[in-house]
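J.: my questions concern the predicted model and sequence given below.
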Amino acid sequence: MGPRTIQHEIVNSEAAQPAPAAASISDACGIHSKAFQDCLNSYGSDISKCQFYLDMLSECKRNSGGLSA
């Protein structure tokens, strides 16, 4: 397999509001989510540099109610 690329789409829609359960996880894990997103923005071409942040976000989500993606 070759290198992975990630494309981000931004959709501005007031109808796209997060569900309350997702919002509570987002609030609880917001700092980890932001750190992971910042890492992706900085090292988009080398996602392996962001593995730590993804692991922290996954751990937070696991500990915040057991909802899995």
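T.: Arrived safely. Numbering: from 1, shown residues only.

J.: for S33, which non-adjacent residue is closest in space?
T.: What sits nearest to S33 in space, not counting adjacent residues and going by C-beta to C-beta, 6 or more residues apart in numbering, is L57, at 5.7 Å. Placement of C-beta: from N, CA and C, glycine included.

J.: ramachandran coordinates for the one you found?
T.: Dihedral pair for L57: phi -70, psi -40, per degrees, to the nearest 10.

J.: okay, now it: neighbour count?
T.: 20 (other C-beta atoms under 10 Å).

J.: and it, what is it in contact with?
T.: Residues near L57 by C-beta atoms under 8 Å, 6 or more residues apart in numbering: 29, 32-33, 35-36.

J.: can you check M56 too?
T.: Here M56 is in contact with 32, 35-36 (C-beta under 8 Å, 6+ apart).

J.: quick one on the thing from earlier: which of the contacts of L57 sits closest to I47?
T.: F36 (10.3 Å; C-beta to C-beta).

J.: so what's the predicted local confidence for that closest one?
T.: Looking at F36, its pLDDT reads 92.

J.: report the contact partners of the nearest residue to it once chain neighbours are set aside.
T.: Spatial nearest neighbour of F36, chain neighbours left out: Y53 (3.9 Å); criterion: C-beta to C-beta, 6+ apart. The contact partners of Y53, by C-beta under 8 Å, 6+ apart, come to 32, 35-36, 39.
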